[in-house]
Every structure is written in C-alpha cells, then in structure tokens.
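Asker: Predicted coordinates and the sequence they were generated for:
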Amino acid sequence: MKVDQKKCIGCGACASLYPDNFKINKDGKAEPIVGSDNSDAADVIGICPVSAISNE
Ligand code: F3S
C-alpha cells in the first residue's frame, strides 16, 4: 500500500478502520505501516475520499 502525500487530506478514515496498516504521521497525513499484512485491507483503497491510497 502506498499513500500519496500530496493527495492525502488527513481525514483519518484509513487509520481508524485499519490501525494495523496505517498511521497518521507528524504532518497529519497517513502513511502505511511497514511490514504490515495488507491482505485484509484491499477495500481501503475505495474508502479514501481523495483516492490517495494505491496498491503499489
Ligand atoms: Fe489520507 Fe485518505 Fe487516509 S485522506 S488519512 S489516505 S483515508
């Protein structure tokens, strides 16, 4: 998973739904947690309101 830092508005939906996969960084934006198991988080791509998350 990858979060486009330019697109993310820090809404927090990804981190609250998938706290094992995303965290909010010091800039107030989401970043993927390195090494986390993303197998259950495929639908997170669709919940970001600004489509900042991609499966790369
Ligand atoms: Fe940012 Fe989208 Fe998550 S706006 S905080 S990547 S749901």
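Answerer: Sure, I can see it.
Asker: so who does the residue in the chain sticking out farthest from the centre touch?
Answerer: The C-alpha centroid of the chain is most remote from residue 26, which lies 14.4 Å away (C-alpha atoms, centre = their mean). Contacts for residue 26 (C-beta atoms under 8 Å, 6 or more residues apart in numbering) come out as none. For glycine as for every other residue, the C-beta is placed from the backbone atoms N, C-alpha and C.
Asker: List phi and psi for it.
Answerer: Dihedral angles of residue 26 (phi, psi; degrees, to the nearest 10) stand at phi -70, psi -20.
Asker: On the pLDDT front, check it for me.
Answerer: With respect to pLDDT, residue 26 scores 97.
Asker: if I look at it, how far off is residue 3?
Answerer: Separation of residue 26 from residue 3 (C-beta to C-beta, to the nearest Å) stands at 14 Å.
Asker: Check residue 53 too.
Answerer: Going from residue 53 to residue 3 by C-beta to C-beta gives 6 Å.
Asker: In terms of neighbours, single out the busier of those two.
Answerer: residue 53 (25 against 18; other C-beta atoms under 10 Å).
Asker: who in this protein is up against the ligand?
Answerer: Counting by C-beta under 6 Å from any ligand atom, the residues of the chain close to the ligand are 3, 8-14, 29-30, 48, 50, 52-53.
Asker: Top of those residues by number of neighbours, please.
Answerer: Counting neighbours by other C-beta under 10 Å, residue 30 leads the residues of the chain next to the ligand with 28 neighbours.
Asker: Who are the contact partners of it?
Answerer: By C-beta under 8 Å, 6+ apart, the contact list for residue 30 reads 3, 8, 10, 12, 14-15, 22-24, 52-53.
Asker: out of the residues you listed, what pair is the most spread apart?
Answerer: Maximum pairwise distance among the contacts of residue 30 (C-beta to C-beta): 14.3 Å, between 23 and 52.
Asker: Now list whatever residues contact both of residue 53 and residue 3.
Answerer: What both residue 53 and residue 3 touch, as defined by C-beta under 8 Å, 6+ apart, is the set 14, 30.
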